[in-house]
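**Q** give me a 3D structure for the following:
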Amino acid sequence: MTVVASAYASVANDLYETPAWVTRALLRSLPIILPGVSVWEPAAGNHKIADVLAAAGALVITSDIATYSRPHAFQMDFLRDKPAWPVLTDALITNPPYGPRNRDAVRFARLALERCPGWVALLLTAKFDFGNTRADLFADNPRFAFKVALVDRIQWFAGPNEGTEDHAWYVWEPAALHLCRSPKLFYGGNDE
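**A** Numbering: from 1, shown residues only. Presented below is the predicted three-dimensional model:
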């Protein structure tokens, strides 16, 4: 597959709704979502990821920089604000903003690992783990557990065009787990 430039012009706080199959692909490799497991979704948008997690039995706390059509547990800019209180959850799972050259996504990943001692799963571009400036997130990070490469492209907006970029879930294990093993690679696809 060749990555082609998108003709879509992004705007601030744009809404990229994650199709349900993308979150289900993560859950097939991350079987921790059981009844009672708490998850923070800090870039919740219209709760597309949160809805799949809740259907799997998770207790989901949502937040975002803006309110779209569904209200959140609280509103905050994850990149600029600290939560008013500790958000104590078993996991943080989200599709964060990427920003130019993935700079916002890098900051988001570092903050997510700082703020959540549990599982962290972020939906990012498939080559996000490339490059020496992110070694603290991957090669030098004992929490980095696995990557779920999506073999189907995500179509972010309705219409005849397919997605233009490859994506993957990146998953870090809880800070206290440290299972001294090599990160794994899984593959997931559209089950619809």
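
**Q** ends of stretch 85-96, what's the gap?
**A** Using CA to CA, to the nearest Å, the end-to-end distance of stretch 85-96 comes to 21 Å.

**Q** off-centre distance for that stretch?
**A** Centre-to-centre, stretch 85-96 and its host chain are 10 Å apart (CA atoms, centre = their mean, to the nearest Å).

**Q** swap in stretch 85-104?
**A** Using CA atoms, centre = their mean, the mean C-alpha position of stretch 85-104 is found 7 Å from that of the whole chain.

**Q** what mean pLDDT would you report for that stretch?
**A** Here stretch 85-104 scores 91 as its mean pLDDT.

**Q** identify the residues contacting it?
**A** The contact list for stretch 85-104 (CB atoms under 8 Å, 6 or more residues apart in numbering) reads 16, 18, 22-23, 26, 32-33, 37-45, 49, 53, 58, 61, 63, 78-79, 105, 108-109, 112, 115-116, 118-125, 128. (C-beta placed from N, C-alpha, C; glycine too.)

**Q** going along the chain, name the helices of this structure.
**A** Secondary structure of the chain (DSSP state H): helices located at 20-29, 48-55, 103-115.

**Q** circling back to that earlier point, now the contacts of stretch 85-104: which count as buried?
**A** If you count burial by 16 or more other CB atoms under 10 Å, the buried members of the contacts of stretch 85-104 come out as 16, 18, 22-23, 26, 32-33, 37, 39-45, 49, 53, 58, 61, 63, 78-79, 105, 108-109, 112, 115-116, 118-125, 128.

**Q** if I pick C116, what's in contact with it?
**A** Residues in contact with C116 (CB under 8 Å, 6+ apart) are 40, 87, 89, 91-92.

**Q** ok, the residues you listed vs A135, which is closest?
**A** Distance to A135 across these (CB to CB) is lowest for L92, with 21.2 Å.

**Q** what about the closest one, how many residues nearby?
**A** Counted by other CB atoms under 10 Å, the residues lying close to L92 total 25.

**Q** so what's it closest to, chain neighbours aside?
**A** With CB to CB, 6 or more residues apart in numbering as the criterion, L92 has its nearest non-adjacent residue at 4.0 Å, and that residue is C116.

**Q** state the distance from the residue nearest the centre of the chain to E192.
**A** In the chain, the residue lying closest to the centroid (CA atoms, centre = their mean) is L122, at 2.5 Å. Taking CB to CB, to the nearest Å as the measure, L122 falls 22 Å from E192.

**Q** same check on Y98?
**A** Noted for Y98: a distance of 24 Å to E192, by CB to CB.

**Q** neighbour-wise, which of those two wins?
**A** Taking neighbours as other CB under 10 Å, Y98 and E192 compare with Y98 leading, 19 against 8.
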